[in-house]
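In: Next input, structure requested:
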Amino acid sequence: MGENERVIVVNSAIAHTDSSWKGRLELIYRAREGQTQVYCAHAKAPLKVQRPFYPEGPQICHSVILHTAGGIVGGDRLSQSFHLEANTHALVTTAAAAKVYRSNGREARQTINIQVDAGACLEWLPQESIIFNGAVYRQDLRVELAPGSRMLLWEINRFGRSARGEKFLQGQWRSHAEVWQEGRPLWIDRQMLEGGTAMVDGPHGLGGRAIAGTLAWIGEPVSRDRVEQIRRLWDGVPQMGTGEIGVTRLPQGVLCRYCGSSTPQVRNWFAQVWDSLRLSFLGRPSSVPRVWPLSSG
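Out: Residues are numbered from 1 along each chain as shown. Next comes the predicted model:
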């Protein structure tokens, strides 16, 4: 069976179909008596959300998103919407690494819309995405931050199943992220990677490495000293392969980039940056979601 085929069981018979998913997830968080609660949760397959967790106490709600189909194929259209009402705090992650399979000739697309109201904070920390050779995938993320709200997000992408020696030699990956506040852009980031040796192995692409990661803290200025401290955190990360990092100060935050070949390496550095920013701006250490693996290759 090909990786792009769906299987449906009807009256004990197995039928094949190439129909795509039109999944949707909507989460609304509301503060009530000192607790951040999931006020509304609406999901359409293959997206699903687990019951909320409170490992840090009632103020911070941890939500875990599941993709029950096991992977994304050409033609899939996934939509996620998160709304944090005033004075809420949510940490949203995914239950497992996302897999974007080789395209069947159509583009797979995911759209994420986020609204964070005054005094609220969202930590959007999905696990790694594995972009298979031949995948055609686009993700659009748009965030509306109210004055006085904050957000930390990251994205880790592995191009090709590098553990099997696979490279991203065919296909296309695009990621468009925009963060706005009262009609003013705080951060706009557009990336595209065309499959092929020029981008995978070339000095102006991945340089022979398989993983690219982005972390952004947006909504509050970060001092130059804090930026230098974040850069120094890299010195304490075990050096695996040829990983490189960059840290840029934004008008209302900080942007971190990683390019390398080790998922544990990028997760380790991102986790340290996350912990540093949390302590500085939220007054509490990071709390690792229980669904995250202890290590991954």
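In: What is the burial count for the closest residue to Phe53 other than its chain neighbours?
Out: The shortest distance from Phe53 to any non-neighbouring residue, by C-beta to C-beta, 6 or more residues apart in numbering, is to His62 (4.2 Å). Bear in mind the C-beta positions are built from the backbone N, C-alpha and C, glycine included. Here the number of neighbours of His62 (other C-beta atoms under 10 Å) works out to 20.
In: quick one, what contacts His62?
Out: The contact partners of His62, by C-beta atoms under 8 Å, 6 or more residues apart in numbering, come to Pro52, Phe53, Tyr54, Pro55, Glu56, Ala90, Leu91, Val92, Thr93, Ser287, Pro289.
In: And the first one, how far from Thr88?
Out: For Pro52, the distance to Thr88 equals 12 Å [C-beta to C-beta, to the nearest Å].
In: who touches both of those two?
Out: Cys61.
In: pLDDT value on Ala198, please?
Out: On pLDDT, Ala198 comes in at 89.
In: before we move on, what about the one 4 residues further on?
Out: As predicted, Gly202 sits at a pLDDT of 88.
In: Can I take it that it is in a helix?
Out: No - Gly202 sits outside any helix when classified using DSSP: H, G, I helix; E, B strand; the rest coil, being coil.
In: how close does it sit to Ala177?
Out: With C-beta to C-beta as the criterion, Gly202 and Ala177 are 24 Å apart.
In: With Asp140 instead?
Out: 8 Å.
In: Looking at those two now, which is surrounded by more residues?
Out: Shown here are Asp140 and Ala177; by other C-beta under 10 Å, Ala177 has more neighbours (19 against 16).
In: Surely that one is in contact with Pro185?
Out: No - applying C-beta atoms under 8 Å, one finds Ala177 not in contact with Pro185, separated by 10.9 Å.
In: Okay, now the unreliable bits of the stretch 1-150 of the chain?
Out: 1-19 (pLDDT under 70).
In: which residue ranges form the strands in it?
Out: 6-10, 13-17, 22-32, 35-44, 47-49, 61-67, 77-84, 89-94, 98-100, 108-116, 121-124, 129-131, 136-145, 150-159 (DSSP state E, counting those that start in this stretch).
In: Nearest to Leu215, out of those?
Out: Closest to Leu215 of these is strand 150-159 (C-beta to C-beta; 4.2 Å).
In: So what angle separates the directions of that closest one and strand 108-116?
Out: Per axes from the mean of the first three to the mean of the last three C-alpha atoms, to 10 degrees, the angle that strand 150-159 makes with strand 108-116 is 170 degrees.
In: Give the pairing partners of the very next helix or strand once past strand 150-159; include direction for each.
Out: The helix or strand immediately downstream of strand 150-159 is strand 172-181, counting by DSSP states H and E. When pairing is defined by DSSP bridges, strand 172-181 lines up against strand 136-145 (parallel), strand 184-194 (antiparallel).
In: what's the offset of the shortest one from the middle of its chain?
Out: Going back to what we said before, that points to strand 136-145. How far strand 136-145 lies from its chain's middle: 10 Å, per C-alpha atoms, centre = their mean, to the nearest Å.
In: Let's see it as CSV, backbone CA atoms only.
Out: Provided in CSV are the C-alpha atoms of strand 136-145 (Å, rounded to 0.1, in the frame of the first residue of the first chain):
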residue,chain,number,x,y,z
VAL,A,136,4.5,19.7,-1.4
TYR,A,137,3.4,21.5,1.7
ARG,A,138,2.5,25.0,2.8
GLN,A,139,1.8,26.4,6.3
ASP,A,140,0.4,29.8,7.0
LEU,A,141,0.4,31.2,10.5
ARG,A,142,-1.2,34.5,11.4
VAL,A,143,-1.3,35.9,14.9
GLU,A,144,-3.1,39.0,16.3
LEU,A,145,-1.5,40.1,19.5
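In: What residues of that strand count as buried?
Out: Within strand 136-145, the residues that qualify as buried by neighbour count (16 or more other C-beta atoms under 10 Å) are Val136, Tyr137, Gln139, Asp140, Leu141, Val143, Glu144, Leu145.
In: Identify the residues contacting the last one.
Out: Looking back up the chat, that one is Leu145. Val116, Met151, Val179, Trp180, Gln181, Leu186, Ile218, Gly219.
In: Just the buried ones from these, in ChimeraX syntax?
Out: Remark: buried members of the contacts of Leu145, expressed as a ChimeraX selection using 16+ other C-beta under 10 Å:
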select :116,151,179,181,186,218,219
